[in-house]
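Enquirer: Requesting a structural model of the entry that follows:
(one chain, ligands or ions: 1)
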Amino acid sequence: MEHLTGQTPATRSHLGPFDITIGIVGHPTTPDVAWSDKQLQVLKDIGLNTLQLSIAWSWRPAGEVLNLENLDDPALAGEWRRRAGQAERFGFRALAHFGLPMGPQTDATTCIMDPQVRDNYARRLSRFMHDFPSVNDVLIYTYDQLAWLCSEFGDCPRCHGVPLHERLTPFLEAMVDAICAVRPAARLWWEPWELSAGQTYAVTERIRPNHFGLICHSTIAEVQFVNTTDLWFRNLARLAHMRGIPMIGEGFFGGSGEDVAPLTHLPCPRLVHQQLNALHHAPGVVGIKEYYGFVPDHLSVNLRLLSGYLHAPDAPFDELAGLAAEPYGAAVHEQLLQAWELASQAIEFFPWDASWALRRIFELGPHVPYQSIPTASWMTPAWQSNRRGFYLVTDRNQQHPWLLEDVALRARLASSRFADSARLLQEASAKTVLPEDVQRQADQVHAAAQTSLALAEGLFRQIGHG
Ligand SMILES: [Zn+2]
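Expert: This next block holds a predicted model:
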């Protein structure tokens, strides 16, 4: 990318499709993963060139850093210094991720139009860049991650009547200036999470592009294994590219994700491939970021596929899947490929778009209590606009029996594919050279089959079809 000349990571480890490939050590389901040499070497070998310094999830799994304020704790700051040193030693770039301005989800309590708030975060970011000289870049969220913004329709005397994109643009530019004052080559990455499509386009059209970049979910709604890119993502990437702003796309590339958690070994390499391909072919995208995290000790078939893709992005999927199957032994090669394809289809048939609240449904096991589709919505621009066009159910609870039937039919179809996959995996576990790995896949796919069936049966009963 011409606009990255002179700033392309020197640590790029291969000639893959992306300039920047960001990993996370551990994930919210398995957060307590040491930044050991062994773990980092696995991530290096996969082909990643950048590590985020903490999981940075809203409920702070393992008590890790989420906001700049957390670094006031000497123990957390010390651990970050150690991690930054580890990243540097292994030749990774280091990315710091913060939500700011930090505050409760109440209107007009933390205000980016308040000069004191802006100065406080500019000072904190400058100090951070000074205190952590080996950290290359900073990513900030301005919504969620304990950060919230005043609504122009609320009662903040500074923000009332001023559109969000007009307030955010100078605030973000001030944060860029704060990090570049200390480190002139640094880049501030911004995740426009919770903004409407129109607001993200408006900020991208008007912001000063130098030393600024975007990191985005693969859709305006969420990252999911089944999602590739949507029109919003492609529009924003193209618009950013025209303005000389690099953009990084997020996906689930390991064995777990926020949708399928707490499962950590759901084998769906084709879905990993689809996400990577879509991001690769979106004009303006310079990198990828794992959105949930990796547990290197759980080297899954999905991670093997990611590694294969980063090293040979133009190889056909069948070839990459075949390579991912090799370590399991020739006796189970075809069986595993079939099982993984069935599991991929099952995840695709599952009705993820019914409600945001269906993510993490596999936590419920075979006891799904839903008599209707659970609602989920928040008072943010994206939830009040674009996400209503993505989920069947948000905050309105008018659920026609045909809607419940649609979800039940799809959940039952998913369940039958999961069950077929689990049977193949169970058979393969007796013949493979990696029995523990395949048994774990079989158990997790079986669990997904049970939960999907329970969801379907409950809804069928509710509408009198069961
Ligand atoms: Zn305000």
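Enquirer: From here on, just use CA atoms for contacts and neighbour counts.
Expert: Fine.
Enquirer: For the nearest residue to residue 193 once chain neighbours are set aside, give me the pLDDT.
Expert: Excluding its sequence neighbours, the residue lying closest to residue 193 (CA to CA, 6 or more residues apart in numbering) is residue 143, at 6.2 Å. pLDDT, residue 143: 94.
Enquirer: Next: residue 14.
Expert: Per-residue confidence (pLDDT) for residue 14: 47.
Enquirer: before we move on, what about residue 396?
Expert: 77.
Enquirer: Then residue 288?
Expert: Per-residue pLDDT puts residue 288 at 98.
Enquirer: That one should be in a helix, yeah?
Expert: No: using DSSP: H, G, I helix; E, B strand; the rest coil, the assignment for residue 288 is strand, not a helix.
Enquirer: residue contacts, it?
Expert: Counting by CA atoms under 8 Å, 6 or more residues apart in numbering, residue 288 touches 18, 20-22, 248-251, 276, 279.
Enquirer: Which strand residues bridge it?
Expert: residue 21, residue 249 (DSSP bridges).
Enquirer: Make 34 the starting number, not 1.
Expert: Fine by me, first position is 34 from now on; the one you just mentioned is residue 321.
Enquirer: mind listing the helices for the stretch 384-499 of the chain?
Expert: Here the stretch 384-499 of the chain has its helices, by DSSP state H, counting those that start in this stretch, at 414-417, 434-462, 468-495.
Enquirer: How is this protein partitioned into domains?
Expert: Under the assignment automatic domain parsing, the domains of the chain span 35-361, 365-495.
Enquirer: Skipping its backbone neighbours, what lies nearest the residue of the stretch 284-433 of the chain found nearest the ion in space?
Expert: Using CA to the ion, residue 413 is the residue of the stretch 284-433 of the chain that sits closest to the ion, at 14.9 Å. Leaving out its chain neighbours, the residue that sits closest to residue 413 by CA to CA, 6+ apart is residue 227, at 5.9 Å.
Enquirer: did I read that right, that neighbour in a helix?
Expert: No: using three-state DSSP, the assignment for residue 227 is coil, not a helix.
Enquirer: Can you give me the distance of it to the ion?
Expert: Relative to the ion, residue 227 is positioned 17 Å away (CA to the ion, to the nearest Å).
Enquirer: Report pLDDT for the residue nearest the centre of the chain.
Expert: Nearest to the centroid of the C-alpha atoms of the chain, with distances taken as CA atoms, centre = their mean, sits residue 324, at 2.2 Å. Residue 324 carries a pLDDT value of 97.
Enquirer: returning to what we had before: now, which of the contacts of residue 321 lie close to the ion?
Expert: Among the contacts of residue 321, not one lies near the ion by CA under 5 Å from the ion.
Enquirer: any chance of those residues in JSON lines, with neighbour count and pLDDT too?
Expert: Converted to JSON lines, those look like this (neighbours: other CA atoms under 10 Å; pLDDT from 0 to 100):
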{"residue": "51", "neighbour count": "20", "pLDDT": "95"}
{"residue": "53", "neighbour count": "22", "pLDDT": "96"}
{"residue": "54", "neighbour count": "24", "pLDDT": "97"}
{"residue": "55", "neighbour count": "23", "pLDDT": "98"}
{"residue": "281", "neighbour count": "25", "pLDDT": "98"}
{"residue": "282", "neighbour count": "29", "pLDDT": "98"}
{"residue": "283", "neighbour count": "26", "pLDDT": "98"}
{"residue": "284", "neighbour count": "28", "pLDDT": "98"}
{"residue": "309", "neighbour count": "26", "pLDDT": "98"}
{"residue": "312", "neighbour count": "26", "pLDDT": "97"}
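Enquirer: re earlier: count the neighbours of the residue of the stretch 284-433 of the chain closest to the ion for me.
Expert: Other residues lying near residue 413 total 17 when counted by other CA atoms under 10 Å.
Enquirer: got a pLDDT number for it?
Expert: 94.
Enquirer: about what we covered before: mean pLDDT lowest where, among the domains of the chain?
Expert: Comparing mean pLDDT across the domains of the chain, the weakest is domain 35-361, with a mean of 93.
Enquirer: Now find how far off-centre that one is within its chain.
Expert: Taking CA atoms, centre = their mean, to the nearest Å, one finds domain 35-361 lying 8 Å from the centre of the chain it belongs to.
Enquirer: thought residue 173 was touching residue 128?
Expert: No: between residue 173 and residue 128 there is no contact under CA atoms under 8 Å: 10.4 Å.
Enquirer: Okay, helices next: where are they in the protein?
Expert: 70-79, 107-122, 148-164, 197-215, 230-239, 264-275, 302-313, 334-344, 350-358, 366-382, 414-417, 434-462, 468-495 (DSSP state H).
Enquirer: Using CSV, write down the CA coordinates of the third one.
Expert: In other words, helix 148-164. Provided in CSV are the C-alpha atoms of helix 148-164 (Å, rounded to 0.1, in the frame of the first residue of the first chain):
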residue,chain,number,x,y,z
PRO,A,148,-11.5,20.1,27.5
GLN,A,149,-10.4,18.5,30.8
VAL,A,150,-11.4,15.0,29.5
ARG,A,151,-9.6,15.6,26.2
ASP,A,152,-6.5,16.9,27.9
ASN,A,153,-6.5,14.0,30.4
TYR,A,154,-6.5,11.4,27.7
ALA,A,155,-4.0,13.2,25.5
ARG,A,156,-1.7,13.4,28.5
ARG,A,157,-2.2,9.7,29.4
LEU,A,158,-1.6,8.6,25.9
SER,A,159,1.6,10.7,25.6
ARG,A,160,2.8,9.3,28.9
PHE,A,161,2.0,5.8,27.8
MET,A,162,4.0,6.1,24.6
HIS,A,163,6.9,7.5,26.6
ASP,A,164,6.8,4.8,29.3
